[in-house]
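Novice: When you get a sec, could you give me coordinates for this:
(2 chains, ligands or ions: 2)
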Amino acid sequence: MTTASQNGARPNDPSASPVVRVHAVSHAYGRRWAIRDINLEVAESEFIAIVGPSGCGKTTLLNLLAGLESPRRGTLDIFGSTPRTGRTDVGYLFARDSLLPWRTVLGNAELAMEMFGWDRATRQDKARQMLEAVGLSDYERAYPAQLSQGMRQRVAIARTLAPDPRIVFLDEPFSALDAQTKLLLQDTFRRIWESLGSTVILITHDLAEAIAMADRVVLFTRGPGRIKNVYVVDLPAKRSLLSLQGEQAFHSMYEQIWADLRDEVASEGETADGSAK
Amino acid sequence: MEARSSSLVATLEDDGLFVTDEIEEPQANIFIRFLRHDRTIQVFALCVLLGAWELCARAGVVPASFTSEPSRFFPALWDQLIHGNLVSLMGVTLTETMIGFALASVLGLLAGIVLAESRVAEKVSRPFLVGFNNLPRIALAPLFVLWFGLGSSSRVALIVSLGFFIVTFNTYAGLQAAGRDYMLLAKTLGVGRIRRFRRFVFPSAVPTIFSGLQLCLSYAFLGAVVGEMLTGNQGLGGYFTLQLSSFDVDNFFAGMVLLVIVSLALSSIMRVIELQLIKWRQIEMRGLEAGASGRGQRGSNRSFGLRPRDRSEEF
Ligand SMILES: Nc1ncnc2c1ncn2[C@@H]1O[C@H](COP(=O)(O)OP(=O)(O)OP(=O)(O)O)[C@@H](O)[C@H]1O
Ligand SMILES: [Mg+2]
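Specialist: Ligands and ions are numbered 1, 2, ... in the order given. Prediction:
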């Protein structure tokens, strides 16, 4: 039912030209490798999820793609050019919400568009629309300190998606949420994505989330991270996340990836023990 | 997205959130409510203080000819305001204070910003600034008289020398505190240097800057009065010297009361401006201040004793 391929190319759709290209990329902090030899191509409107053990270099890859750092080895390109910061067609949501405490919810949702120089009316409109989509319309005048962690995360999602980016990088956007809110928001996000048609790279610790939301799941080895495997998710493009639990395909997919992921997590435990001796 | 929207009754609180009528604020007994009402306690404490003063003086515990007493210095104040020249003296002191405060604030703000934004400026000038700040600058007052003469400008110079460092250090400390996450966000969004400063760095420094300005204001009054006392002929300071040299403690305390009232009024105005500008900070710290007297549940938070605004003079 599911196919796995060693490298990033999308086997069932060779015609689509990739909008994100990662070629033989390695990056190090100081003299320690964080990621090694990453090859990945993401097609237009594709939804990619990256999973892997903690510290394996997932955030590092996103930082490279967002142009916050340059790789030590290899090349990356986005829409055919080297990644750089300040692109209005790229949205990046950090693992931490990083809301500005002196701005209201609406002000925070507007922030990216304001920095891009959009006019006030348009950005307020877009911000309100996004806040409504994440269920925070009633809170637009509140300050971040008055919100729960999950609500803050939702404001950050609204801030990231409001300028209609064509590529979205998400670093564990749903991790602060309780199970039910998470499911609702994942569903909302997927629906927004289906209507926007943007390309998404989502990092997550939650394997079920990766499978439920993405077209392909990229599994990293433990740090320094390499790509261990890429799985094409064999679920309908229009899916309701709320009913996935009942689908057999979902569960077999989960079993398969979890077996590989468990190897990585387990071998990490062994090295930790080994170094302690 | 959330079930709570069903129970919303459409009242928009001034803090931007909807509230429902279904929940009542907890009502404490009358004594507790009295204690929670800051103004009431303040007035009460003032009455106790003045009453005790009066009683002690009357009972001869302290000699009234040295300490005066409320029943004497309040009429004296009235008399001096109507018949004496206390109003114009206060005017002189207030003018010096305001000019000195404004200069110290503007210069201190600029210096703090330059220090925070320029590595080189910070590295080079830090030892000088710390050194100057450690000088007992009140002792420089006679020097300022020598340089600027007996008039108001020597007082303004003294005030600037006191207030400048306070504002500089607070501004610098506040600007340094801008979080790494915000900087990263600004970078991702491709925000330029000036914009990053205005939208990301400066706003997070405003609370700290304001505590510096408040302190600077106190020092401005101090500088003005001490400077005047030194030359002994002008303003409220000159008045104090004069009254003491003729052992007129009633008139002396009358002047003190006026000074306290005026400086309190100015501090309160600044506080009001501050509350308007950094409402977000108030909301953030709600229920965490030492002995918080806000609304809602308090309880265990009381013991935190967080005083986030005490950052004066750190570098
Ligand atoms: N700014 C940095 N300076 C030095 N080392 C860093 C820095 N950022 C990350 N690293 C190192 O790079 C490696 C990968 O970090 P990264 O943040 O990419 O992991 P991650 O996969 O996102 O982990 P997690 O799932 O826990 O967020 C880690 O070993 C970490 O110690
Ligand atoms: Mg990470």
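
Novice: all contacts plus neighbour counts: C-alpha atoms, from now on.
Specialist: Noted.

Novice: Tell me where the stretch 151-277 of chain A has helices.
Specialist: Secondary structure of the stretch 151-277 of chain A (DSSP state H, counting those that start in this stretch): helices located at A:179-196, A:207-213, A:248-276.

Novice: Nearest the geometric middle of the chain, what residue?
Specialist: All of this is about chain A. Nearest residue to the geometric centre of chain A (CA atoms, centre = their mean): A:L202, 1.6 Å.

Novice: wrong one, I was asking about chain B
Specialist: B:Q214 (2.8 Å).

Novice: which non-adjacent residue is nearest that residue?
Specialist: Spatial nearest neighbour of B:Q214, chain neighbours left out: B:S267 (6.8 Å); criterion: CA to CA, 6 or more residues apart in numbering or on different chains.

Novice: What is the distance between the one helix or strand that neighbour maps to and the centre of its chain?
Specialist: Applying DSSP states H and E as the criterion places B:S267 in helix B:249-277. Here helix B:249-277 is found 10 Å from its chain centre; the criterion is CA atoms, centre = their mean, to the nearest Å.

Novice: Quick one: name the residues of chain A near chain B.
Specialist: Residues of chain A lying close to chain B (CA under 8 Å from any CA of the partner chain) are A:66-68, A:85-88, A:92, A:96, A:98-103, A:112, A:115-116, A:134-136, A:138-143, A:145-146, A:181, A:184.

Novice: Could you rerun that using 7 Å?
Specialist: For chain A, the residues in contact with chain B (CA under 7 Å from any CA of the partner chain) are A:68, A:85-86, A:98, A:101-102, A:112, A:115, A:134-135, A:139, A:141-143, A:145.

Novice: did I read that right, A:L40 in a strand?
Specialist: Yes. Counting by DSSP: H, G, I helix; E, B strand; the rest coil, A:L40 falls inside a strand.

Novice: I figured it hits A:V19, correct?
Specialist: No. Counting by CA atoms under 7 Å, A:L40 does not reach A:V19; the two are 10.7 Å apart.

Novice: List the buried residues in stretch A:64-82.
Specialist: For stretch A:64-82, a neighbour-count test (16 or more other CA atoms under 10 Å in any protein chain shown) marks A:64-71, A:74-78 as buried.

Novice: Would you report which members of these are assigned to helices?
Specialist: A:64-65 (DSSP state H).

Novice: Let me know the closest of the buried residues of stretch A:64-82 to B:G235.
Specialist: Ranked by distance to B:G235 (CA to CA), the buried residues of stretch A:64-82 are led by A:L68 at 59.2 Å.

Novice: one step back: ok, of the helices of the stretch 151-277 of chain A, where does mean pLDDT dip lowest?
Specialist: Ranked by mean pLDDT, those bottom out at helix A:248-276, with a mean of 73.

Novice: what's the spacing between A:T85 and B:Q243?
Specialist: Separation of A:T85 from B:Q243 (CA to CA, to the nearest Å) stands at 68 Å.

Novice: Same drill for those two, tell me which one is more crowded.
Specialist: Shown here are A:T85 and B:Q243; by other CA atoms under 10 Å in any protein chain shown, A:T85 has more neighbours (20 against 17).

Novice: hang on, the more buried one packs against B:V191?
Specialist: No. At 8.9 Å, A:T85 and B:V191 do not qualify as touching, with contact defined as CA under 7 Å.

Novice: on that earlier part again, could you give me the buried positions within the helix holding B:S267?
Specialist: So for helix B:249-277, counting by 16+ other CA under 10 Å, buried means B:249-256, B:258-259, B:263, B:267, B:270, B:274.

Novice: I'd like these as JSON lines, with pLDDT appended.
Specialist: JSON lines is the format used below for the buried residues of helix B:249-277 (pLDDT from 0 to 100):
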{"residue": "B:V249", "pLDDT": "89"}
{"residue": "B:D250", "pLDDT": "90"}
{"residue": "B:N251", "pLDDT": "91"}
{"residue": "B:F252", "pLDDT": "92"}
{"residue": "B:F253", "pLDDT": "92"}
{"residue": "B:A254", "pLDDT": "92"}
{"residue": "B:G255", "pLDDT": "93"}
{"residue": "B:M256", "pLDDT": "93"}
{"residue": "B:L258", "pLDDT": "94"}
{"residue": "B:L259", "pLDDT": "95"}
{"residue": "B:S263", "pLDDT": "94"}
{"residue": "B:S267", "pLDDT": "92"}
{"residue": "B:M270", "pLDDT": "92"}
{"residue": "B:E274", "pLDDT": "90"}
